[in-house]
Every structure is written in C-alpha cells, then in structure tokens.
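[1] Got a sequence here, can you model it:
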Amino acid sequence: MSLRLRVTWEQGAGCSVRAEKHWTVERLKAAIHEESGVSVQEQRLYYDTGRRGLVELFEDQTLDLIRGSRADICLVRGHPRRVEWLKRVALDWQSLQDAPKALRDDWDTVLTALEHDGRALQWASDKLRDDRDAVRFAVEQCPYALEYASEGMRGDWDIVMAALKQDVHAICFAAESVRSDRELMLQAVTQNGALLEFAPDALRADREVVLAAVMDSGAALQFASEELRGDRDLAMAAVQEHPFALEHVVPELACDPELIELALKGPKGQEDAPKEPAIPEAYRWMGLSREALRPAPAKVEEDPPPRKAFDWWEKADAALEEVSLDEDTRLRFAAHWLLEPGPTGALVHRLEEGLRLSPPRSCSDCIFGRHLWCVQCGPAAMPEAEEAMKRWEGMHKGKLQAEKDKVEKFLGNGLFFSEMDLRSCAFKGVPI
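    Have a look, this model is predicted:
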C-alpha cells in the first residue's frame, strides 16, 4: 500500500515523500535524504499517532504501523556533534568509550556501535544497559555482551537464552537466579564440564550435575563440593576421563590403588596409545610439562646403535646408581616444589601461592640443564628452600604428608624412574 508522507522540521522547512507500507524506516530516511539533502545520520523521525502523541520511528521498524495512506512525520535534525560521533562509531565501535556521556545514552549512537560488536554495551549508559531491547540486540551480536548488562537483564530468562543459543559459555555471565536452574546448568556442563565452576553451591553438591561435568572434563571435579570430591565412583569417572583429575580428589582417595592404576593408563580413549618415554605424564607432578621439555638432539653417527625403548615400569639398576640424592629426599622435594616450565627453572612451592625461588644458574654437572634433584642447582643447593620446607612441615605436617603419599603413589612407589628418563631431555633454551 502506498503512503504519502509530509515531512516537516524546524522553521517550517519540509518535503513530501512517497513510500510503501513494507518499507523500513531506514529506507524512508534514505528517501528523505534524496528529497531534502538532510543526511540519514542527522534524522530522527517521529510519527504523530494522535492520542498517544509523537512516537519515535527506529530504523528496523516498518511503516505498516502508520494508519491510513497519509501521515505527518516530524523530523528532528541531530546536533552536528552527534552526527560526527555517529560517523566515528560507525567506523570504529570501540570509539564509543570516548564519546561524551550524553551520547553514550543516545540510542542511535549506541546502536550503531552495537551493530559492529555487542560488547560495545560496556560503554553504554546505565539506562541502556538496563534496556531490554538494547541488551537483547547486543547479545544477538555477541553472546558475551551479557557480561555488561545490568543485574536485572542478566537475570532475564529470555535475554540469557538469546545469549546461550549462540554460545553456552555465556552462562558464566548470567545472574545466579538463572544459573540456579538445575536443568539449564545440567545442559551446560554436559557440553562443557568446566562450566561447573559457575554453578551455585547447591548444584556443585548435586551428584548428577557433577557426574555430567566430569564425564565431559575430568578436571571439573575441582569445582565439586568436598563431599563429592570424596565420592569414589565420581573420582573414578573423572580420572578415567583424564588422569590429572586425581589432583582434585580428597587426600583420603589420592592413594587409592585403583585410582592410581586408572590414572597411569592415560586419558580415556588413549589407554593403548604409545607413551612418550622422555615426557611421561606423571612428571606433571614435578612441574615438567610437554611444553617445558624437548627431546635432546641426537648425536650423528655413521652407524647409530639401535635405541631401546624406555620402559618406565622397569626398575633399572643403572638409574639407581646415578641417583645423586637418596629416595626420601627426592620424594620430599617433589612434595614441596614444582620446577617452573621454561628456561629460568624457578622453584614454586606446590602448596603455597606466592612462594617462588629463583635457583642458581644451571651447573655443568646437570646433564639436561636443570632438574629438581640436582645437588648443584636444585633445591638441595638453596638454604632458603630448606628453610621454607622446614617451616611448612612444622605448620602443615598432615597436608604435606598427604602430598608425599599422593606423589609417591602416582609415580609408582619410586621416583628413580624419572632420573634415567629425564637425562634424555632438556629445558627449552637451556644448553646441555
């Protein structure tokens, strides 16, 4: 249906425009620009509804809201500064953060930024961050914009569902009233077990929810309630998904022989995969990771002798002969210290955040650059390391003993396996 619109603005200026009811307001603004020369950015249009007075027309609306075939449209021209900022945020949505306060409360200016990235909501006024239409538009552009919505909007079911429809991880920004919904949280942790971190305490103590989480990610066990971290069946499910879930069980379960055996098999689906003898998974306990270690360069020989695969279940006499520290001392160091990955090799206490020591330069006797048990460059050579160990053992004897038991069991009742194995490794950036 055709419309004949009379558009007027200040000082009696105006123009007539023919339009169709199916047109959007955006298209109408373009037609007004052709007739009058007033730029689209300057135009704010209002329709006189009669009883309800003037109603602003927004660009995504259609003209079918206009009754009859004729109507008067009031055009309010924007301030030149507003037009300038509209152009700026159209080119760079992040420039909204530098806009004047009044413009961060201006619907058109904020909407222009949101069209590029929903996260621009963080710079909108409190009023717009609590505006249902603005927030919904923002999360439809970027689900993580939910983080910047008002508390009320983060608790609005429809708004949250619009965000989760695009990315379930956005649930971490939802209000607790929404995250307390059991079915919703169950669906979320089934897709990503790590989202259990954002569940309220009641659901962290819900066995079904926790089981769904650890079936997807064994490490999610760390977010379960203490009671469920002591549930043997849940622990078995978590460790089967990934062996390092053993770190998050209660101390009483850490030495369970079946859990240890299950952990040593490797991640679920990889039990039969060949082990990398130079970097056995168990060494993560001592701060040695795949990223921190690299195989030592092999010597080039005309006829290199065949290399026997290392069996880390084999208790090699040769390894015992080369141990520079007794087994109890090595176990004590392993329970206290992590060797920070990378070339620096700083010592980090595994049980106390912030306790970090920088060891001396690696010594020539340390065949692979630096390692936890070297008497020249490890904790054995550091008086402050010994002092910290004594202090910790005096204050937290039970906790440290549990850590010793955990490390000893996890490494197979003996740390000497690692000595022979580690001699084929070097820290990145540290010459052998």
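[2] So Val160 belongs to a strand, correct?
    No: residue assignment for Val160, taken from DSSP: H, G, I helix; E, B strand; the rest coil, gives helix, which places it outside any strand.
[3] Val178 is in contact with that one, correct?
    Yes: contact criterion C-beta atoms under 8 Å: Val160 and Val178 qualify, at 5.1 Å. The C-beta positions use only the backbone N, C-alpha and C, and glycine is treated the same way.
[4] out of these two, which sits in the busier spot?
    When Val160 and Val178 are compared for neighbours, Val160 comes out ahead with 26 against 19, by other C-beta atoms under 10 Å.
[5] Run through the residues that contact that one.
    Counting by C-beta atoms under 8 Å, 6 or more residues apart in numbering, Val160 makes contact with 146, 154, 170-171, 174-175, 178.
[6] okay, and the common contacts of Val160 and Val178?
    Here Val160 and Val178 have 154, 171 as joint contacts, going by C-beta under 8 Å, 6+ apart.
[7] where along the stretch 301-432 of the chain do the helices fall?
    317-322, 327-336, 383-395, 397-410, 416-422 (DSSP state H, counting those that start in this stretch).
[8] Oh, that last question was meant for the stretch 101-250 of the chain, not what I typed.
    Here the stretch 101-250 of the chain has its helices, by DSSP H, counting those that start in this stretch, at 107-116, 126-129, 132-141, 151-154, 157-164, 176-179, 182-191, 201-204, 207-216, 226-229, 232-241.
[9] Please convert those to a markdown table, extending it with mean pLDDT.
    Formatted as a markdown table, the helices of the stretch 101-250 of the chain follow (pLDDT from 0 to 100):
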| stretch | mean pLDDT |
| --- | --- |
| helix 107-116 | 88 |
| helix 126-129 | 94 |
| helix 132-141 | 93 |
| helix 151-154 | 94 |
| helix 157-164 | 92 |
| helix 176-179 | 92 |
| helix 182-191 | 92 |
| helix 201-204 | 94 |
| helix 207-216 | 94 |
| helix 226-229 | 92 |
| helix 232-241 | 89 |
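[10] Can I get those helices in a markdown table including distance to Leu86?
    Listed next are the helices of the stretch 101-250 of the chain as a markdown table, based on distance: least, C-beta to C-beta, whole Å:
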| stretch | distance to Leu86 |
| --- | --- |
| helix 107-116 | 6 |
| helix 126-129 | 15 |
| helix 132-141 | 16 |
| helix 151-154 | 25 |
| helix 157-164 | 26 |
| helix 176-179 | 34 |
| helix 182-191 | 38 |
| helix 201-204 | 45 |
| helix 207-216 | 45 |
| helix 226-229 | 54 |
| helix 232-241 | 51 |
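[11] Of those, give the one that comes closest to Pro251.
    For the helices of the stretch 101-250 of the chain, the distance to Pro251 is smallest for helix 226-229, at 10.1 Å, taking C-beta to C-beta.
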